[in-house]
Each structure stands twice: as C-alpha cells, then as structure tokens.
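> How does the following fold in three dimensions:
(chains A, B, C and D)
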2 protein chains.
Amino acid sequence: MTTPGIQVTRLGKFDNMPLPTILAASFLDAGGHGVAQVLTHRERAALVGMSRPVEFKRDQMIQTEGARAEFIWNIVSGTAETYCLLPDGTRRVMSILFAADLIGLSEGGHYVETARALTEVRAWEIPLRALDGLVRRDPRLDAALLCKISHELRESERHLLTTARQDARARVAAFLVWLKQKEAATLHSGDLLELPLRREDIADYLGLSVESVSRCLGQLERSGLILREQRRTLRLMDVPALQKLAGMD
Amino acid sequence: MTTPGIQVTRLGKFDNMPLPTILAASFLDAGGHGVAQVLTHRERAALVGMSRPVEFKRDQMIQTEGARAEFIWNIVSGTAETYCLLPDGTRRVMSILFAADLIGLSEGGHYVETARALTEVRAWEIPLRALDGLVRRDPRLDAALLCKISHELRESERHLLTTARQDARARVAAFLVWLKQKEAATLHSGDLLELPLRREDIADYLGLSVESVSRCLGQLERSGLILREQRRTLRLMDVPALQKLAGMD
DNA sequence: CGTAACTTTGACTTGCTTCAAGGTGTGTGG
DNA sequence: CCACACACCTTGAAGCAAGTCAAAGTTACG
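Okay, the predicted model is just below:
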C-alpha cells in the first residue's frame, strides 16, 4: 500500500506547479477532433484545493496492485507506467502515462494495477474521498472524467491493436511513432526521440522479449529508418516509412 | 452508416421488453465487489422514453467504423462483437458484448469500431442527442456511464492481458473460462458451454489463426479438459485445470 | 440431396524466444 | 581520478511454437 507522506519528497518548487490538467477527446458531441483540456478553470482550482503536489523519483512505486485505493494522481510532468504481474512471473506493461494523464483507476476500492515512475514524476495527488464529494457537487467534473476514461479505453484498444497479430518490427515501429507523437505534443525536438523507458519496459509493453526489441531496433537502423544515437536517444530518419511499416495508413 | 429505420425489424413482442440495464462495478467507492445495475428505476424509465426497441439478425451490422455516431445501443439479449479492420486486411475483434452492455462508443462524433450481431440481438436504441440532454438533467446518469466505461476499460485490459505473451492454448483456455463466467451470469447450463461465435471470431479475438484455435481445442479435448459435443457446443470437463492453464490463480 | 460455409487435420516454413556470451555505459568506493 | 562492479543493451545460434498452404471432413440449409 502506498504511504505517500513518507515516500514522497516535498519541495518548495511546488509553489508554482501547473494546475491539474486532463486531456481527452470529447465523448458525446462531435466537437473538435483533437485532444483538449476538459476541465474548466473553476474545476482545476477546486481540485487544487483538495490535492497536494507530490514528486516520485525514477523507479519509485506510485501504487500497488490490490492495495486499497485512496488517491488518484494527475501527472504534471514526467512519465510513468502501469503493469500487472502474471502468475508465471512475467510482467505486462498495460499503459504508459504522460503529463495530464491520470494514475490510480480502481475497481471495488482497490487498485487493479501497479504504477511506477519511469522518470521523475511530478503530480497532483487527489484523495478519492474528496473527489467523490466534489463530483457530487459538480456534475460537469464527472463528465470530464467520463471523457478521460473513454479516451483511455481507446488508448487501451490501440495498444491491443498494435500488440496482437503484428510482427515484432511493426510493433516496434508503431511504438516509436506513437511515442514521438506523444512527445511532440509537449515539446519540439526535431527528429530526435528521447525514450523514457528501458528496453525491458518496451518489451513488456509490446509483448516481446528484450532481445527482439533490440534486434528490431538494429534492423530498423540498418534499413535507414532510425539511428541509435545513445541507448535512450533515437533519431527518426523516415517517419512515413515507419508509419507504413506499422500499418498506419 | 447505419439506417436503423430500414434495416431493423420491429416486432410486437417488444412491448414487454426488459428495461435498459447497465451492469458495472462501482468506480469510486468500495461498494459491493460484484458487478451490479448502476441505473435507478427512474433513469431506466427515462431512457425508455427516448429510446426504441430494435432487433438485429445474426451477422447484421449494427454500426460501421468511421460512420457518424447517432445512437448507442443497450443490449437486452444476444451477443455482438466489435472489430477493426487493419490496413493489411486482417481483422481484430476488440470486444464481445452481452446483455446489459453498451454498443456505440464514439470519438469526435464518429464510431471507432464496427459492430456486428453474432446472434440475434435485441437492444434499446438510444439517440445520442437525447442522451446528451438527459445527462445534463440527471448527473447521476453520467456517473453510471462513467462506471460502465471504466468497467469496459478493465475488460479491454483483461483482453490485452490474455492476448499478449501467452501461448495459444492458454489463450483459448482463458477465453473458454471467461465465456463460461459470462454465460453463467445469465443462465445455468451445467458444464455445457454454448459458443455464440465462429472459430474465425474466436481467432480474431485471441490474435490467433483459425487453425490454431481448432488445434488448441483438439489438444484440450485430448487432455480431457473439454469435450467438443457440437461445433458450437463444448462441455467443460475440468474448469480448475482450464483456469490453471490460463494462468488465472 | 446437394452445395456452400465452416471446421479439422497434416506438412512445411517462418519468426520469435531462449540461452549464452560479449559490449557499453554509469555510478561508487578506493 | 581511476578502477571496478553492476545494470543495461546487443548480437549470435539453436529450438520450437504458431502461421501458412493445402486438402479432407462435417454441418447447415435451401
């Protein structure tokens, strides 16, 4: 079980931390096609009132599967992953979460996955009890959560789509393009792609072995589609070709 | 695009069709652990007021990927599937839906998947426009949808979990046990399991080839775990062994 | 009763995993 | 500041599981 008061570092720089942000596509209405902020300023302020800023160091646990759910976290910066441990000892990375995402979805009052910080993560820690009350007073917030969760549902389906029935190279290519899009949403870095995760995490996310991931990267490099500048830094040389390989037309 | 007024059969027996039902586990509170009705009687009645009962025949399309989203459907009886067609021509079954499930989640006003009836399906057809208004007047309904969608998210993750990184036999075993649980929720049929879908659908759901599914069933039969009574009727001889094989401990 | 759709089975091939060993980077203590 | 140790990544070789291709068997239905 997470005991944030102990594990979590509190720093002065939290004073000017960005407000809680939830990005999602609209659910019911046709709206703008893109992903946008679904909280009003009022709601963001209300969330700040009941939340506290926290920071997780690299590799630190955020929540544990099966533990009593007490908080959800709204990521301000950094990258995290959620995963399940299978009875045979293997690990399955279910989702990779970025700024404006939510960590901590639960069922029956208990977390269904384990979450871990991949980089340093700053987040708003929102007590579920307080959120429950806020949702009752402000139904619009409920709609915002609905948008977010249905958006996550589609993310999960996308993940399922790339994972199943595609060969290893296509999966890796799809992953790189996806990650690049996520990154491009926050910062412009040309064709450089900073990987916030280890090969092992990529493998467990794509349902491959570490060796396969490595071999695929080598293959993509030999084909001139990418360049491995450093372990965690790739250069995407031919994004259209990667997309084609990934079967994204 | 679906044009329900034309494709859909209307029958007199709709008069006493069961009210709209949404089953889901609670989202925020600890509540009962099981899956339960999340609509009040009032809400169910309100939904009836704006909906109409429809019936889809076996193999009939319910919605088409990319088409303008106008309705969602609340299944009363029968089984349906949703799927995506990949650019390489392969098909990926994303979900299998039963009574009390919802069909028709959309993004940006368009359906994200194609849905098809696997058996005869009876459902309440709810216009999105009307639902939107109702949700505004009744925030609790919004919460109900939230429960349902977060429940579906977990279903999708379960699917992802069984699909990736398990061998074919384990996937098939997991599928059979899952289907049995779904079926047991509505009717008691001993150890008999009625498959509402073809081998092809099972294959596309599990990310296997039709031949692999068939071979796995043969293998499970030879091991004494199941019996193939008819094409679409299996007898589960040893559910615990199937669960163990599926890695459900 | 015949045809078409569906399912099963067999033989072969491909691609991923596993096992094993060799690199490369990083952080720590001498 | 260097050297060592450890964690992480890459590469190679062998084995095996699932896919593909081909054909026969079965069921459903007109």
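> quick one: average pLDDT of the lengthiest helix in chain A?
Longest helix in chain A by number of residues (criterion: DSSP state H): helix A:139-163. For helix A:139-163, the mean pLDDT works out to 87.
> Which strands and helices lie in contact with the following helix or strand past that helix?
Next in sequence after helix A:139-163, counting helices and strands by DSSP states H and E, comes helix A:168-184. Packing partners of helix A:168-184 (3 or more Cβ pairs under 8 Å, 6 or more residues apart in numbering or on different chains; DSSP states H and E): helix A:139-163, strand A:192-194, helix A:199-206, helix A:210-222, strand A:233-236, helix A:239-246. For every residue, glycine as well, the C-beta is placed using N, CA and C.
> Average pLDDT for the shortest one, rounded please.
Within the predicted structure, the mean pLDDT of strand A:192-194 is 94.
> Give me the residues contacting it.
Contact partners of strand A:192-194, identified using Cβ atoms under 8 Å, 6 or more residues apart in numbering or on different chains, comprise A:Leu176, A:Leu179, A:Lys180, A:Glu183, A:Glu229, A:Arg232, A:Thr233, A:Leu234, A:Arg235, A:Leu236.
> 10 Å instead?
By Cβ atoms under 10 Å, 6 or more residues apart in numbering or on different chains, the surrounding residues in contact with strand A:192-194 are A:79, A:119, A:176-177, A:179-180, A:183-184, A:187, A:226-227, A:229-230, A:232-236, A:239.
> Tell me the buried residues within those.
A:Thr79, A:Leu176, A:Val177, A:Leu179, A:Lys180, A:Glu183, A:Ile226, A:Leu234, A:Leu236, A:Val239 (16 or more other Cβ atoms under 10 Å in any protein chain shown).
> Format these as TSV; extra columns: pLDDT and distance to A:Leu97.
TSV is the format used below for the buried ones among the contacts of strand A:192-194 (pLDDT from 0 to 100; distance: Cβ to Cβ, whole Å):
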residue	pLDDT	distance to A:Leu97
A:Thr79	96	7
A:Leu176	97	18
A:Val177	96	18
A:Leu179	96	12
A:Lys180	95	17
A:Glu183	86	13
A:Ile226	97	24
A:Leu234	96	21
A:Leu236	97	22
A:Val239	96	23
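> So which of those residues is the closest to A:Leu141?
Closest to A:Leu141 out of those is A:Thr79 (25.5 Å), distances taken as Cβ to Cβ.
> dump the residue contacts of that closest one.
A:58, A:96-99, A:101, A:117-121, A:179, A:182-183, A:194-197, A:201.
> filter these to the buried ones?
A:96-99, A:101, A:117-118, A:121, A:179, A:182-183, A:195-197, A:201.
> Identify the residues contacting the residue nearest to A:Leu160 when sequence neighbours are not counted.
Spatially, and ignoring its direct neighbours in sequence, A:Leu160 is nearest to B:Leu160 (4.9 Å; Cβ to Cβ, 6 or more residues apart in numbering or on different chains). Residues in contact with B:Leu160 (Cβ under 10 Å, 6+ apart) are A:Cys84, A:Arg92, A:Met94, A:Ser95, A:Ser156, A:Glu157, A:His159, A:Leu160, A:Leu161, A:Thr163, A:Ala164, A:Gly207.
> Can you list the low-confidence ranges for chain A?
Within chain A, the stretches with pLDDT under 70 are A:1-15, A:26-33.
> which ones are touching the residue most central in space within it?
Chain A has A:Leu97 as the residue nearest its centroid, 0.9 Å off, counting by Cα atoms, centre = their mean. Applying Cβ under 10 Å, 6+ apart, we find A:Leu97 in contact with A:62, A:73, A:75, A:78-82, A:103, A:115, A:117-118, A:121, A:123, A:152, A:155, A:182.
> let's go with 8 Å and repeat that
A:Leu97 neighbours (Cβ under 8 Å, 6+ apart): A:Ile75, A:Thr79, A:Ala80, A:Glu81, A:Thr82, A:Ile103, A:Ala115.
> Around DNA strand D, which positions in chain A sit nearby?
Within reach of DNA strand D by Cβ under 7 Å from any atom of the strand, chain A has these residues: A:198-200, A:210-211, A:213-215, A:217-218, A:228, A:231-232.
> Now render the residues you listed as JSON lines, adding distance to A:Leu23.
Listed next are the residues of chain A next to DNA strand D as JSON lines, based on distance: Cβ to Cβ, whole Å:
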{"residue": "A:Arg198", "distance to A:Leu23": "26"}
{"residue": "A:Arg199", "distance to A:Leu23": "28"}
{"residue": "A:Glu200", "distance to A:Leu23": "28"}
{"residue": "A:Val210", "distance to A:Leu23": "31"}
{"residue": "A:Glu211", "distance to A:Leu23": "35"}
{"residue": "A:Val213", "distance to A:Leu23": "28"}
{"residue": "A:Ser214", "distance to A:Leu23": "32"}
{"residue": "A:Arg215", "distance to A:Leu23": "34"}
{"residue": "A:Leu217", "distance to A:Leu23": "29"}
{"residue": "A:Gly218", "distance to A:Leu23": "34"}
{"residue": "A:Arg228", "distance to A:Leu23": "30"}
{"residue": "A:Arg231", "distance to A:Leu23": "29"}
{"residue": "A:Arg232", "distance to A:Leu23": "25"}
